[in-house]
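**Student:** Sequence plus the predicted model coming up.
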Amino acid sequence: MPVVVSPPPAARAAIEESLDLLAELGVEIESFGGGALVIKALPAVVPPGQAERFLAEVSEGLADEEARQRIRDPRDRVLATVACKAAIKINFPLTVEKMDWVVRELFRSSDPYRCPHGRQIVLRIDHDTIERNFGRRGWR
């Protein structure tokens, strides 16, 4: 930190409209001139090397019409992005204990079937589909 970024005009506008909100959430950004912004602080869950990507995702969430329909409050859209940054990603090694903890915490949430952005994370597969895909027809 600090990191200078030059987002596209639409992203810059979405960010500038939300500077107070972003500051409340630990994101300090200032104009740097020539269409650039300087990122001075980010939430601890965002690695410094990911500052530009994080800002792009936040601005996308703030401006995206589909995201606006799923999550109406801009603060919640930013928080969803922060939560996704802190989430366990694919191919991240976990112990059995950590996996157990993740599942227990997931089902304590208000909507354990969706990510913070509202996307489905659980898929129901009926028994016939499992049998068909594993070549075990009639093994019940």
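**Tutor:** That came through, no problem. Keep in mind it's a predicted model, so treat the numbers as computed, not measured.
**Student:** Give me the below-cutoff pLDDT ranges for the chain.
**Tutor:** Scanning the chain with the threshold set as pLDDT under 70 gives 1, 64, 67, 85-86, 136-140.
**Student:** hmm, 90 instead?
**Tutor:** Applying pLDDT under 90 to the chain picks out residues 1-3, 5-27, 31-35, 42-92, 102, 105-107, 109-124, 127-140.
**Student:** domains in it, as residue ranges please.
**Tutor:** 1-86, 91-140 (automatic domain parsing).
**Student:** Looking at those domains, which one is packed in the most?
**Tutor:** Mean neighbour count (mean count of other CB atoms under 10 Å) peaks for domain 1-86 among the domains of the chain, with a mean of 16. Any C-beta I mention is one placed from the backbone N, CA and C, and that applies to glycine too.
**Student:** can you give me the strands in this protein?
**Tutor:** Secondary structure of the chain (DSSP state E): strands at 3-5, 28-33, 36-41.
**Student:** would you turn these into JSON lines with distance to P116?
**Tutor:** Shown next, in JSON lines, are the strands of the chain (distance: least, CB to CB, whole Å):
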{"stretch": "strand 3-5", "distance to P116": "23"}
{"stretch": "strand 28-33", "distance to P116": "22"}
{"stretch": "strand 36-41", "distance to P116": "21"}
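**Student:** gap between A44 and F54?
**Tutor:** 12 Å (CB to CB, to the nearest Å).
**Student:** And for P93?
**Tutor:** Applying CB to CB to P93 and F54 gives a distance of 24 Å.
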